[in-house]
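Participant: Structural data only, the sequence is not supplied:
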């Protein structure tokens, strides 16, 4: 049995100036992902939501993809623009905490690359897509379109975020989501990339966050939240056994300690907060997806297709 191809980005793919060819990366990630799905046992799932649908009795055979039939032994017809009308809004957290870890490949780069790959999928499906990003304010928000020119414009915005974004910004997720809810006038799939940054050592009150998410739900939007984290460091607190000088990347608080003194308490606190977050998301029918920056992009694309399938039913 073949496994779905894992789409990853290596540090050597990033230039010394931080430049990534997002268009090329997105194409390679999506092509590899779809090829892997075609070779997996999930033939129907793999292509039904990319640019094909299953053949139905009465469909014209002129639209049958015979090459795909040769690979899968199933009949699919090519899907045309009038058959898809999903609108997607990609929302990126660009606050200072997204620059962790402080090497070339951080949470912001992972989110930008994931967004670029999703745009490539949207384009294949002829779905309209827009981009928003926020830090302490909602800094940018575009309308949803499906043209190549629009895709290139948004890729340029993502590239600028990677190259030139300031690192002295705090997170205002709640107010930004409220503002976005007022801007999105047509029913959309809202896909949020954020580390849900809060104090990791204290109990987090999520009531304001879910009030903002309910604002989006009230306006008939569907929501996926990708919780973007470096799981080794931010969940498992896996640091070398030596003293460290920790600095809060958003508020500047500092502490010097040995990781072993805090590890178990830290992990318990994070686990408790994540458990509550998952329960509340389930209660409000919001998809919360774990997105480890070291695990590649396959889970992001796969989760989107599953959500799209549900919305199409």
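Facilitator: On my side now, so go ahead. No experiment lies behind these values; they were computed from the predicted model shown.

Participant: use CA for all of it now, contacts and neighbours both
Facilitator: Fine.

Participant: Could you pull out the helices in the stretch 201-313 of the chain for me?
Facilitator: 207-218, 231-234, 259-283, 298-312 (DSSP state H, counting those that start in this stretch).

Participant: Which positions within the third one qualify as buried?
Facilitator: Read it as helix 259-283. In terms of neighbour count (16 or more other CA atoms under 10 Å), helix 259-283 has its buried residues at 259, 263, 266, 267, 269, 270, 273, 277, 280, 281.

Participant: Quick check, residue 288 in contact with residue 278.
Facilitator: Yes. Counting by CA atoms under 8 Å, residue 288 does reach residue 278; the two are 6.7 Å apart.

Participant: in this structure, which spans are strands?
Facilitator: Along the chain, counting by DSSP state E, strands occupy 52-54, 76-78, 87-93, 128-134, 138-141, 189-194, 222-229, 244-247, 254-257, 287-292.

Participant: relative to helix 207-218, how tilted is the longest one?
Facilitator: Going by axes from the mean of the first three to the mean of the last three CA atoms, to 10 degrees, strand 222-229 is angled at 140 degrees with respect to helix 207-218.

Participant: other SSEs contacting strand 222-229?
Facilitator: Packing partners of strand 222-229 (3 or more CA pairs under 8 Å, 6 or more residues apart in numbering; DSSP states H and E): helix 107-125, strand 189-194, strand 287-292.

Participant: In CSV, list the ones you listed along with mean neighbour count.
Facilitator: As requested, these are arranged in CSV below (neighbours: other CA atoms under 10 Å):
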stretch, mean neighbour count
helix 107-125, 25
strand 189-194, 24
strand 287-292, 19
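
Participant: Tell me which of the ones you listed sits nearest to residue 176.
Facilitator: Shortest distance between residue 176 and those, using CA to CA, is found for strand 189-194: 11.3 Å.

Participant: now that closest one against strand 128-134, angle please.
Facilitator: Using the same axes, to 10 degrees, strand 189-194 lies at 30 degrees relative to strand 128-134.

Participant: gap between strand 189-194 and the chain center?
Facilitator: Remark: strand 189-194 is offset 6 Å from the chain centroid, using CA atoms, centre = their mean, to the nearest Å.

Participant: ok, and what's touching that strand?
Facilitator: For strand 189-194, the surrounding residues in contact (CA atoms under 8 Å, 6 or more residues apart in numbering) are 86-93, 98, 111, 221-228.
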